[in-house]
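Engineer: Sequence first, predicted model second:
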Amino acid sequence: MTTVDSSGYAPEWLRLREPADTAARAADLVTLLPAGPAVIRDLGCGTGAMGRWLSGRLPKPQRWILHDQDPRLLEIAARSLPPEISVETEQADVTRLNISGTSLVTASALLDLLTKEEIQRLVKSCVDAQSPALFTLSVTGSAQITPPDELDEALNTAFNDHQRRDGKLGPEAAAFTAAEFTRHGWTVHTRPSPWRLGPEHRELIDSWYRGFVAAAREQRPDLAAPEDRRITEVTVHHQDLLALP
């Protein structure tokens, strides 16, 4: 996830970040997908932002199967997709799915929350089902803040270490996932998908920074980040990944 915000995965945080996510995703990867009717599984769907972004870029008909651990988010997501799209919901562990018959597996800001073993299971599920996979907005461990502060490097290092807690791959997740698909003989395309936030993203910048600092200080309580920092721009680096059999 791009940040560990106090709102967690609350709908308010997901709503706040959606415009930045939409602008950042590498839309050209969608043009590389096989044509034809689609059965799409959206893993960790949140409020359905991926479905809103992707459904209009894919041919019809489409059947979306939405997966999330939070039933409240599943309900919101199911209501939010275009009415001409067939939608189902499933509350399940997204790394232990039988995805046979799926023509596309997709997720947004998910890989960095997974462990090595969970990613290996997910990749194997896609390979066994011969289902292409489009994973967007995985953090890569770098953020630039303007104007800069002398503590930024230490904050970024501590934040990345926090992302790796409990065995999660955090900023290494996208590269590890790409290597796993390649190991199975699949073709992998990657694109940078950074958030580029400016004055028009004031609320998102403030929320992101609070979460960024909170996670860093949880990892390193000695860090004393300025409370009243006035940030004008932030670039948060992510990577999008498309794996094809």
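Structural biologist: That came through fine. Residues are numbered from 1 along each chain as shown.

Engineer: distance between the longest helix seen in the chain and the chain's centre?
Structural biologist: What stands out as the longest helix in the chain, according to DSSP state H, is helix 202-219. In terms of C-alpha atoms, centre = their mean, to the nearest Å, the centre of helix 202-219 is found 17 Å from the chain centre.

Engineer: Stretch 46-62 too?
Structural biologist: 15 Å.

Engineer: Show me what counts as buried in it.
Structural biologist: Within stretch 46-62, the residues that qualify as buried are 46, 47, 48, 49, 50, 51, 53, 54, 55, 58, 62, counting by 16 or more other C-beta atoms under 10 Å. Yep, even glycine has a C-beta here, placed from its N, CA and C like the rest.

Engineer: Switch the residues you listed over to CSV; also include secondary structure.
Structural biologist: Putting these into CSV (DSSP: H, G, I helix; E, B strand; the rest coil) gives the following:
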residue, secondary structure
46, coil
47, coil
48, coil
49, helix
50, helix
51, helix
53, helix
54, helix
55, helix
58, coil
62, strand
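
Engineer: And these, which is closest to residue 231?
Structural biologist: Of all those, residue 49 has the smallest distance to residue 231: 24.0 Å, by C-beta to C-beta.

Engineer: Go through stretch 204-211 and flag the buried ones.
Structural biologist: For stretch 204-211, by 16+ other C-beta under 10 Å, it's 204, 205, 207, 208, 209, 210, 211.

Engineer: Scan this protein for its longest strand.
Structural biologist: strand 133-146 (DSSP state E).

Engineer: so what pLDDT did residue 34 get?
Structural biologist: Residue 34 carries a pLDDT score of 88 in this model.

Engineer: close enough to count as contact, it and residue 131?
Structural biologist: No - Residue 34 is beyond contact range of residue 131, at 10.5 Å (criterion: C-beta atoms under 8 Å).

Engineer: pLDDT weak spots in this structure?
Structural biologist: 1-9 (pLDDT under 70).

Engineer: For it, which segments are assigned as helices?
Structural biologist: 11-24, 49-54, 71-80, 116-129, 152-163, 173-183, 202-219.

Engineer: got CSV for the ones you listed, with distance to residue 141 too?
Structural biologist: Below are the helices of the chain laid out as CSV (distance: least, C-beta to C-beta, whole Å):
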stretch, distance to residue 141
helix 11-24, 16
helix 49-54, 22
helix 71-80, 26
helix 116-129, 16
helix 152-163, 5
helix 173-183, 10
helix 202-219, 12
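
Engineer: most tightly surrounded among the ones you listed?
Structural biologist: Comparing these by mean neighbour count (mean count of other C-beta atoms under 10 Å), helix 49-54 comes out on top with a mean of 23.

Engineer: Name the residues that touch it?
Structural biologist: Residues outside helix 49-54 that contact it (C-beta atoms under 8 Å, 6 or more residues apart in numbering): 14, 18, 21-22, 25, 30, 40, 42, 45, 64, 66, 77, 80-82, 85, 87, 106-108, 134, 136.

Engineer: one step back: show me which of the buried residues of stretch 204-211 is closest to residue 233.
Structural biologist: Residue 233 has its nearest neighbour among the buried residues of stretch 204-211 in residue 205, at 8.1 Å by C-beta to C-beta.

Engineer: Return the residues in contact with the nearest residue to residue 203 once chain neighbours are set aside.
Structural biologist: Among residues not flanking residue 203 along the chain, residue 16 sits closest, at 6.3 Å (C-beta to C-beta, 6 or more residues apart in numbering). Residues near residue 16 by C-beta under 8 Å, 6+ apart: 203, 204, 207.

Engineer: For residue 20, which residues are in contact?
Structural biologist: Shown in contact with residue 20 (C-beta under 8 Å, 6+ apart): 195, 197, 201, 204.
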